[in-house]
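> Would you be able to build a 3D model of this:
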Amino acid sequence: MREIHEGICGSHSGGRTLAAKVLRAGYYWPTLKGDCVEFVKKCIQCQRHGNLIHASATELHSISSPWPFALWGIDVLGPFPVAKRQVKFLLVAVDYFTKWIEAEPLACISAANVQKFVWKNLVTRFGIPYAIISDNSLQFTDKKFNTFLENLGVRHQFTSVEHPQSNGQAEAANKVILTELKKRLGSAKGAWTEELPEVLWAYRCTPQSPTRETPFRLTYGADAMIPVEVGEPSFRRRHFQEESNDNSLRAELDVLDEVRENSQVVAEACKQRMSQRFNSNLKPRTFREGDLVWRATGSARRNSSEGKLAANWDGPFQIRHALHNGAYKLEELSGKVIPRTWNSTHLKTYYS
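Alright, predicted model coming up:
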């Protein structure tokens, strides 16, 4: 079997093909097919260069925020074409409850700039949040930045390595901003900083499908006055009276809690439907402490000199700790701990 599978005439074929080639060569025994399947499953080269697994390994776990501005997702978008003041990156933060987006163009993504952004755009405007979710980029893992959050009593939650789905709200915000900028800019790509405020305003005044409310109303208790209501006066603008305005605003604020509760119910129902649809195509993969696994080789960790011939999987590694929601801590066979957590989507069983 070894000669036919990986010898001079071998092609590292699958189990059924290997069994057929053995038969064609004139050999047979009762457990031929099973033996061939097991042999191929344990072939190191077949495991190392096997296809990446795109099906999800764990159920979809949605993230819910208990109240407005308690949970923020933060991420970096870019690089963009260099604009005024040499800015080429966009630091984006989104509130998980209201879907409100804060964004600021930056020339350099450093821990100090991230700290200033969190203080100026989040804390001083919306209060101290309960937690902030980010990826494992250096500007977010910086010791000074995390000390700053600890002093404020803010929990900093990191996503699994190479698994941006763990911060899906921030990724969705990035997609909205990027798509709208592309449509507005045309060929003048360097003017993206001038268009950014309009993009954010348009988004904040647009009802979002998960909540069926605008981020502006969930934040301030009333819908914003948009330009079309000025050009072609709307009912509230045509019948505006200063003496009755205070009473109208108080009435809007009185029902704000009810509006937020209703939007939260709608959002939870939307998340349940998404989870049900997502979990219908699930191929579960769970591991226990001590199991040996392969880890998918991300583009950032591939050897550039190998090009298209680079392996899809590296390892083996040993499961050090099995955490919740499909996250695992890994270690090398020598005992060296691999930093950060890894999602089961990027892992597969090692056969030996």
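
> And for residue 154, the neighbour number?
19 (other CB atoms under 10 Å). In this view, the C-beta of every residue, glycine as well, is placed from N, C-alpha and C.

> List the contacts of it.
Residue 154 makes contact with 128, 129, 130, 131, 132, according to CB atoms under 8 Å, 6 or more residues apart in numbering.

> neighbours around the nearest residue to the fourth one once chain neighbours are set aside, how many?
Translated: residue 131. Spatially, and ignoring its direct neighbours in sequence, residue 131 is nearest to residue 155 (4.0 Å; CB to CB, 6 or more residues apart in numbering). The local packing count at residue 155 equals 12, with neighbours defined by other CB under 10 Å.

> Need phi/psi at residue 155.
Main-chain dihedrals, residue 155, degrees, to the nearest 10: phi -80, psi 130.

> And residue 131, by the same measure?
phi -150, psi 160.

> okay, it: pLDDT?
According to the prediction, residue 131 has pLDDT 93.

> Pull out the buried positions in stretch 201-218.
203, 204, 208, 210, 211, 213, 214, 215, 216, 217, 218 (16 or more other CB atoms under 10 Å).

> Show only the entries of those residues found in helices.
203, 204, 215, 216, 217, 218 (DSSP state H).

> ok, the third one - contacts?
Contacts were defined as CB under 8 Å, 6+ apart; by that measure residue 215 touches 95, 98, 99, 100, 101, 203, 204, 208.

> hmm, try it at 7 Å
Neighbour list for residue 215: 98, 99, 100, 204, 208 [criterion: CB atoms under 7 Å, 6 or more residues apart in numbering].

> Same check on the fifth one?
Contacts here follow CB under 7 Å, 6+ apart; on that basis residue 217 touches 223, 259.

> one more time with 6 Å, if that's ok
residue 223 (CB atoms under 6 Å, 6 or more residues apart in numbering).

> how close does it get to residue 156?
Computed as CB to CB, to the nearest Å, the residue 217 to residue 156 distance reads 30 Å.

> How about residue 174: what's its closest non-neighbour residue?
residue 77 (4.8 Å).

> and the gap between that neighbour and residue 303?
Counting by CB to CB - residue 77 and residue 303 are separated by 28 Å.

> burial measure for residue 73, as a count.
Quick note: residue 73 (other CB under 10 Å) scores 27 neighbours.

> can you check residue 80 too?
Neighbours around residue 80, by other CB under 10 Å: 19.

> ok so, going back, what about the contacts of residue 154, which one has the most neighbours?
For those, neighbours tallied by other CB under 10 Å; top is residue 129, 23 neighbours.

> now, among the buried residues of stretch 201-218, which is nearest to residue 37?
Each of those was scored against residue 37 by CB to CB, and residue 210 proved nearest at 45.0 Å.

> shouldn't that closest one be in contact with residue 270?
Yes. Assessed by CB atoms under 6 Å, residue 210 is found in contact with residue 270 at 4.7 Å.

> Convert the helix or strand that contains residue 132 to CSV, retaining C-alpha atoms only.
Using DSSP states H and E, residue 132 sits in strand 131-134. Provided in CSV are the C-alpha atoms of strand 131-134 (Å, rounded to 0.1, in the frame of the first residue of the first chain):
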residue,chain,number,x,y,z
ALA,A,131,-16.4,45.5,27.7
ILE,A,132,-14.6,46.1,24.4
ILE,A,133,-14.0,43.3,21.8
SER,A,134,-11.0,43.5,19.5
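
> what are the ranges of the strands in the stretch 51-200 of the chain?
71-77, 89-95, 101-106, 131-134, 155-158 (DSSP state E, counting those that start in this stretch).

> I'd like those strands laid out as a markdown table, including distance to residue 58.
Output for the strands of the stretch 51-200 of the chain, formatted as a markdown table (distance: least, CB to CB, whole Å):
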| stretch | distance to residue 58 |
| --- | --- |
| strand 71-77 | 20 |
| strand 89-95 | 24 |
| strand 101-106 | 28 |
| strand 131-134 | 18 |
| strand 155-158 | 17 |
